[in-house]
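Undergrad: no FASTA, just this:
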C-alpha cells in the first residue's frame with residue numbers, strides 16, 4: 001500500500017511484513033523526517049506505540065545536510 005502527497009511524493013508505504021514507513025519532505029523535496037512503524041492491525045492508522053525508528057535531517061541555506069539525528073525508540 002502506498003500514499004502520495006499533492007506533489008506526488010511517496011509519503012507512506014507498507015510492505016507485506018506490516019512494516020510501515022512514513023516520510024516528511026520540505027519544500028525542495030528533501031526528506032526531513034523518516035519514520036518506521038510496526039503496523040500490526042494493517043489499518044495504516046499509526047499509533048505512537050507502534051513507532052520503531054525515526055531519523056531527521058536538517059539542511060543549511062546551501063542545501064547541504066548539517067545535522068542528521070537518529071532517535072532511539074523503546075518498543076515497549
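TA: It's in. Remember, it's a predicted structure, so these values are computed and weren't measured experimentally.

Undergrad: so where do the strands sit in the chain?
TA: Assigned by DSSP state E, the chain shows strands spanning 2-4, 10-14, 19-25, 31-38, 51-59, 65-71.

Undergrad: show me how far the fourth one is from its chain's centre.
TA: Read it as strand 31-38. 2 Å (C-alpha atoms, centre = their mean, to the nearest Å).

Undergrad: can you list the strands of the chain in CSV and add mean pLDDT, mean neighbour count and distance to residue 45?
TA: (Glycine included, C-beta is placed from N, CA and C.) Converted to CSV, those look like this (pLDDT from 0 to 100; neighbours: other C-beta atoms under 10 Å; distance: least, C-beta to C-beta, whole Å):
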stretch, mean pLDDT, mean neighbour count, distance to residue 45
strand 2-4, 90, 10, 12
strand 10-14, 90, 16, 11
strand 19-25, 91, 16, 10
strand 31-38, 92, 16, 10
strand 51-59, 92, 15, 13
strand 65-71, 95, 10, 21
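
Undergrad: for the residue lying farthest from the centre of the chain, give me phi and psi.
TA: When each C-alpha in the chain is compared with the mean C-alpha position (C-alpha atoms, centre = their mean), residue 62 comes out farthest, at 23.5 Å. Here is the backbone geometry of residue 62 (degrees, to the nearest 10): phi -90, psi 0.

Undergrad: if anything else comes up later, I'll come back, but that's it for now.
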